[in-house]
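Engineer: Predicted model and sequence below, questions to follow.
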Amino acid sequence: MTATEPESLDVEAIREDFPILSRTFDDTPLTYLDNAATTQTPAPVLRAMDEFYEEYAANVHRGIHQLSMESSIEYEEAHDRIARFVGAEGREEIVFTKNTTEAMNTVAQAWGREHLDTDSAVVVTEMDHHASLVPFMKVAEWTGADVRHIPTDGAGHLDMEQAAELIDEDVELVSVPHVSNTLGTINPLSELADLAHEQDALILGDGAQAVPNRPVDVKALDVDFYAFSGHKMAGPTGIGVLYGRADLLEAMEPFQFGGGMIERVTLEGASWAEVPWKFEAGTPPIAEGIGLAAAADYLDKLGMETVQAHEAWVTQYAHERLAEREDVTVFGPPVDEERGALVSFTLDGVHPHDLSSILNEAGVAVRAGDHCTQPLHNALDVPATARASFYVYNTTAEVDVLLEGLDAARDVFV
């Protein structure tokens, strides 16, 4: 794969939309390369949330006064906006959660507890984020179900021959990261969906590293559930999304109970509100939902194909520059293959935590650790990696700053 620099994207103008990017540390500019953890937030998203608090802040679905009606309409329409962003049919397929983790837990708890038993199995992968692995491990513990793991090969891909063997008639659900948050591998989600559906199983896609960086159409992917976060797609923290097929969400029982998700309550029992509200117990993330809709507007204005092309350009540049160094080991697919907008690596003689500390002194923010993928790091036989991850406002010049930081770290530790 050879990426080319997109001509239609004015990166300098985009950077002006993100106030934090002008920050300096002792006259050293910020070089923010930790976007797989959290992207920065543009001014239009901040304004949308400020407008909520300044002009019509009120709780939703609880009042008939003007402010409550306005906030309810904006919050409901935010569901519609996100449905359009990922190709869902409408708000009845979009549940707002706190984050991807809560979305994954919703499937594990609300669907898994009802459908898994001692005769069934869930298939996950060796590269799954802990937010996918642990919820299904716990539900399997409670229900007696089996948990199977698709291994990775030496090049950072899922072993699809093993996947075909593991996904048999006993499997009820397959959970797969669309893009690995450590390796950057873009997994064949549609192919895995076919394998699952051939066995009458469902598939859950972890889209935390996909939705922010590339066009995603849940119907074209043929997934049954799909989870992602707002704070990784230029939106606010505190909000995530669970897409679920309307018929599945309609049939599922909620697993959190309280205000907002109730249709009727007596001392003898209760009935639930319609989808998606029955899964949004308590006061929901109102301002965050409105901010997330604004983030979708912002990204669609740029064009997700253009966003993807720019990030592919920066990522390949970083991958090539890192891979050509004899003192660096890069993990994941080879340099000529498309990957998500991140590169994980180690620098000989320097622990990733020490490397991150030295880079921080140069104003460079990267992630160091196991990235919530400890089983994968065990398979890679490394305790930790450094991860540089990119977004629409990053440049190849910032990658050069990162590379200079590697030299500085070697001067200190080697």
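Structural biologist: In hand now; what should we look at?
Engineer: what's the domain layout of the protein?
Structural biologist: Domains of the chain are assigned by automatic domain parsing as 11-32+303-413, 46-301.
Engineer: who's in contact with Asp348?
Structural biologist: Asp348 makes contact with 327-329, 414 under the criterion CB atoms under 8 Å, 6 or more residues apart in numbering. Where you see a C-beta, it was placed from the backbone N, CA and C, and this is true even at glycine.
Engineer: Which ones among these lie within strands?
Structural biologist: 328-329 (DSSP state E).
Engineer: Flag the least confident of the contacts of Asp348.
Structural biologist: pLDDT across the contacts of Asp348 is lowest for Val414, at 72.
Engineer: Spatially, and excluding backbone neighbours, which residue is closest to that one.
Structural biologist: Sequence neighbours aside, Gly349 is the residue nearest to Val414 in space, at 4.1 Å (criterion: CB to CB, 6 or more residues apart in numbering).
Engineer: show me the contacts for the one you found.
Structural biologist: 327, 410, 413-414.
Engineer: List buried residues within these.
Structural biologist: Neighbour counting by 16 or more other CB atoms under 10 Å classes Arg410 among the contacts of Gly349 as buried.
Engineer: and the contacts of Gly349, which two are the farthest apart?
Structural biologist: The largest separation in the contacts of Gly349, counting by CB to CB, is between Asp327 and Phe413 at 11.2 Å.
Engineer: which one of the domains of the chain lies closest to Gln40?
Structural biologist: Per CB to CB, nearest to Gln40 of the domains of the chain: domain 11-32+303-413, 4.8 Å.
Engineer: for that closest one, how far is the first residue from the last?
Structural biologist: Domain 11-32+303-413 has an end-to-end distance of 35 Å (CA to CA, to the nearest Å).
Engineer: And the strands in the stretch 51-200 of the chain, which stretches?
Structural biologist: Ranges of strands in the stretch 51-200 of the chain, per DSSP state E, counting those that start in this stretch, are 94-97, 121-125, 146-150, 171-177.
Engineer: Mind putting these into JSON lines with mean pLDDT and mean neighbour count?
Structural biologist: As requested, the strands of the stretch 51-200 of the chain are exported to JSON lines (pLDDT from 0 to 100; neighbours: other CB atoms under 10 Å):
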{"stretch": "strand 94-97", "mean pLDDT": "98", "mean neighbour count": "26"}
{"stretch": "strand 121-125", "mean pLDDT": "98", "mean neighbour count": "26"}
{"stretch": "strand 146-150", "mean pLDDT": "97", "mean neighbour count": "18"}
{"stretch": "strand 171-177", "mean pLDDT": "98", "mean neighbour count": "25"}
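Engineer: Val107 is nearest to which of these?
Structural biologist: When those are compared by CB to CB, strand 171-177 sits nearest Val107, at 7.8 Å.
Engineer: For the closest one, which helices and strands make contact with it?
Structural biologist: strand 121-125, helix 130-143, helix 189-198, strand 202-206 (3 or more CB pairs under 8 Å, 6 or more residues apart in numbering; DSSP states H and E).
Engineer: what lines up beside it in the sheet?
Structural biologist: strand 121-125 (parallel), strand 202-206 (parallel) (DSSP bridges).
Engineer: Pro29 is nearest to which of those strands?
Structural biologist: For Pro29, the closest of the strands paired with strand 171-177 is strand 202-206, at 33.1 Å, according to CB to CB.
Engineer: Quick check, pLDDT for the most centrally placed residue in the chain.
Structural biologist: Nearest to the mean C-alpha position of the chain, counting by CA atoms, centre = their mean, stands Ala208 at 1.0 Å. Looking at Ala208, its pLDDT is 98.
Engineer: Leaving out the residues flanking it, which one is nearest to it?
Structural biologist: Leaving aside its chain neighbours, Ala208 sits nearest to Thr100 (4.4 Å; criterion: CB to CB, 6+ apart).
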